[in-house]
Every structure is written in structure tokens, then in C-alpha cells.
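K.L.:
Mind looking at a prediction? Sequence and model below.
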Amino acid sequence: HLATSLPLPSERDHFRPRIDLIVFMIDIKSKYSLRNVEASLAHVDASFFLGKVCFLVTGVGRVNACSIETNAVCKLGETYCSPVLFCELELEGIRVVTAQRLLRMLQICAGHIPGVSALSFVSLMRNSDDD
């Protein structure tokens, strides 16, 4: 399911399926995109930041058109202990690999991969520099 921002409307709560993973998409060419994600983060329960949130940064293939510094997005990932994926959706190969990575993350977060929890998965994605 897609939403342009959070919080989600409450009038359909009883129809909403369980949320296993939240992917915040940030268009690196739009400062509004980053501000919208930052505003939406306040509406996410703290328990989701234990492996069930990631940031997907699109548009990274056009460095000259960037409105957001990649450091700002990396800092967001560090602050919320959540992985940051960078991709260029206009390139089919990268788009396919990114979709496969997101699907694998979703499978882990939903509990469909035996022996791997969302929390252990996010700890595996951390850089060794963080230790």
C-alpha cells in the first residue's frame, strides 16, 4: 500500500492489513520530499525503528540535480537506526535489484525467513564504523 505522508487516515483502520515494513522514499532532487519524510517520522511508533523502517533514496544518478545532500539522508538513517538504500529508478537493472532487496527485507520483517528477525537483519546492515 502507498501513502504520500503519515499519519494514515483512521477511518479505515479496521480494513488495514498489518504493517510489516515502512519504506520512506526520498527523491534526492526534492527538498520537499525530505521534509515530508521528516514530518511523517513523528507518526511512526518507536517499535518500528527496530528493523521495520528503511529509507529509499531515488534519483541518485543525477548528482548535478541534487537538492539534498546524501549526508543528510545518511544522518537520518543513523538517527533512526534504519538502513538507507540509494537507487536510480530510471535504470531498469538497478530498479529490479532494488525491488528484490526491498522484497527480501519485507519477507524478513514479516517473519517469513526462519532464523532471521527484523532486528538481527538491521544489525547486519550496520556499517562496522558504527561500532
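P.N.:
Cool, the structure landed.

K.L.:
Now do the helices in the chain.
P.N.:
With DSSP state H as the criterion, the chain has helices at 31-41, 70-79, 92-109, 118-125.

K.L.:
Mind checking those for the one nearest to residue 47?
P.N.:
Comparing those against residue 47 with Cβ to Cβ, the closest turns out to be helix 118-125 (10.3 Å). (Each C-beta comes from the backbone N, C-alpha and C, glycine too.)

K.L.:
ok, residue 109 - contacts?
P.N.:
Shown in contact with residue 109 (Cβ atoms under 8 Å, 6 or more residues apart in numbering): 20-21, 51-52, 118, 121.

K.L.:
Please list only the buried members of these.
P.N.:
Burial by neighbour count, judged by 16 or more other Cβ atoms under 10 Å, picks out 20-21, 51-52, 118, 121 from these.

K.L.:
In JSON lines: these, plus pLDDT.
P.N.:
Listed next are these as JSON lines, based on pLDDT from 0 to 100:
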{"residue": "20", "pLDDT": "88"}
{"residue": "21", "pLDDT": "91"}
{"residue": "51", "pLDDT": "83"}
{"residue": "52", "pLDDT": "89"}
{"residue": "118", "pLDDT": "77"}
{"residue": "121", "pLDDT": "69"}
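
K.L.:
from the residues you listed, which is closest to residue 90?
P.N.:
Residue 90 lies nearest to residue 21 out of the buried ones among the contacts of residue 109, by Cβ to Cβ, at 23.8 Å.

K.L.:
can you redo the buried ones among the contacts of residue 109 as TSV with distance to residue 107?
P.N.:
Formatted as TSV, these follow (distance: Cβ to Cβ, whole Å):
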residue	distance to residue 107
20	9
21	9
51	13
52	12
118	10
121	10
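
K.L.:
and of the residues you listed, the nearest to residue 98?
P.N.:
Using Cβ to Cβ, residue 21 comes nearest to residue 98 of these, at 13.9 Å.

K.L.:
these two touch, right, the closest one and residue 55?
P.N.:
No: assessed by Cβ atoms under 8 Å, residue 21 is found out of contact with residue 55, at 11.9 Å.

K.L.:
so where's the chain uncertain?
P.N.:
Counting by pLDDT under 70, the chain contains low-confidence ranges at 1, 62-65, 121-131.
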